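Participant: generate coordinates for the sequence data below:
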Amino acid sequence: MHCHIVPGIDDGPATIEDSLAVARAAAAAGTSVVIATPHVSWEYRNDAAMIAELVAQLNERLEQEGIALEVRPGAEIATTRAGDIEPEELARLTLGGGTCLLIEPPFTPIVSGIDMLIFDLQRQGYRVLLAHPERCLAFHRDRAILDSLVGAGVLTSITAGSLVGRFGRDVRRFALQLVADELVHNVASDAHDAVRRPPGIAAELDEAGLAPLADWLTRAVPEAILSGADLPQRPFVDRAPADGRWRSLWHAARH
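Facilitator: Got it, this is the predicted structure:
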């Protein structure tokens, strides 16, 4: 649901060969569908037409190379840019051609007007998926903002690497707390390349003790988002099974 895989337009792969390397790694990890989500921001002024063309070119190469992966168009839209995009263009930046927008909050300790922006997108008929909220310092300082957004129907997508400490201990702790409090709807790779930030998800979920939720987080919810259906019910998971892994998870989230 969140992967920088098309070449040459943001901080993801520089060339089509780099994109193919990401695709091979994703396919090897068991992923069958990737949503290409290049940045749409004031720094990366990408548009839907460019993204669609690059996705088509990449899918053609994937078929030629025999890589069993389907790439669909999407975008990661910065909150600072979302309000300035023309309605017709915004409609073409949804995830996989559906009705959901992947919105990136700022990494700053203060966010201003994010709730009004997102509520306006909802009024326009969009479902909003919030990218890596566990890395937004404003949510760390005041989680009530995030709680309110989720309570209003906003979905969240955390980065798999956050669960295993790749963005620091505080981010890991916050991500685990969000999972424990049932505020996470999807785990994505947010891959940018095949080596430093690869398209891994399953191994990270397993390491974090979240394997019991893996299918819901990475298949069932994404399918519902892409089809516009209601989210399936989150499976019940015993927080303290005999092997202690979930007990360790909740302990880590609270300390």
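
Participant: helices along the chain, start to end?
Facilitator: Ranges of helices in the chain, per DSSP state H, are 16-28, 48-65, 79-82, 87-91, 114-123, 137-141, 143-151, 169-180, 202-207, 214-215, 221-227, 245-253.

Participant: a markdown table for these, including mean neighbour count and distance to Val195?
Facilitator: C-beta here means a position set from N, CA and C on the backbone, and glycine is covered the same way. Listed next are the helices of the chain as a markdown table, based on neighbours: other Cβ atoms under 10 Å; distance: least, Cβ to Cβ, whole Å:
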| stretch | mean neighbour count | distance to Val195 |
| --- | --- | --- |
| helix 16-28 | 20 | 8 |
| helix 48-65 | 16 | 19 |
| helix 79-82 | 19 | 29 |
| helix 87-91 | 13 | 33 |
| helix 114-123 | 16 | 33 |
| helix 137-141 | 17 | 27 |
| helix 143-151 | 16 | 31 |
| helix 169-180 | 20 | 21 |
| helix 202-207 | 16 | 15 |
| helix 214-215 | 14 | 24 |
| helix 221-227 | 19 | 25 |
| helix 245-253 | 16 | 27 |
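
Participant: and these as JSON lines, adding distance to Ile158 and mean pLDDT?
Facilitator: Converted to JSON lines, these look like this (distance: least, Cβ to Cβ, whole Å; pLDDT from 0 to 100):
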{"stretch": "helix 16-28", "distance to Ile158": "18", "mean pLDDT": "98"}
{"stretch": "helix 48-65", "distance to Ile158": "23", "mean pLDDT": "98"}
{"stretch": "helix 79-82", "distance to Ile158": "17", "mean pLDDT": "96"}
{"stretch": "helix 87-91", "distance to Ile158": "24", "mean pLDDT": "98"}
{"stretch": "helix 114-123", "distance to Ile158": "17", "mean pLDDT": "96"}
{"stretch": "helix 137-141", "distance to Ile158": "11", "mean pLDDT": "96"}
{"stretch": "helix 143-151", "distance to Ile158": "11", "mean pLDDT": "97"}
{"stretch": "helix 169-180", "distance to Ile158": "5", "mean pLDDT": "97"}
{"stretch": "helix 202-207", "distance to Ile158": "10", "mean pLDDT": "96"}
{"stretch": "helix 214-215", "distance to Ile158": "13", "mean pLDDT": "97"}
{"stretch": "helix 221-227", "distance to Ile158": "12", "mean pLDDT": "97"}
{"stretch": "helix 245-253", "distance to Ile158": "13", "mean pLDDT": "49"}
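
Participant: for those, give me a markdown table that also has distance to Val6.
Facilitator: Shown next, in a markdown table, are the helices of the chain (distance: least, Cβ to Cβ, whole Å):
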| stretch | distance to Val6 |
| --- | --- |
| helix 16-28 | 6 |
| helix 48-65 | 4 |
| helix 79-82 | 18 |
| helix 87-91 | 17 |
| helix 114-123 | 23 |
| helix 137-141 | 28 |
| helix 143-151 | 28 |
| helix 169-180 | 26 |
| helix 202-207 | 23 |
| helix 214-215 | 26 |
| helix 221-227 | 18 |
| helix 245-253 | 35 |
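
Participant: Thr80 reaches Ser41, doesn't it?
Facilitator: Yes. With contact defined as Cβ atoms under 8 Å, Thr80 counts as touching Ser41 (6.8 Å).

Participant: just to revisit the earlier point, for Ala160, find the nearest of the helices of the chain.
Facilitator: helix 202-207 (3.8 Å; Cβ to Cβ).

Participant: so what touches that closest one?
Facilitator: For helix 202-207, the external contacting residues (Cβ atoms under 8 Å, 6 or more residues apart in numbering) are Ala29, Gly30, Ala160, Gly161, Leu163, Val164, Val187, Ala211, Leu213, Ala214, Leu217, Thr218.
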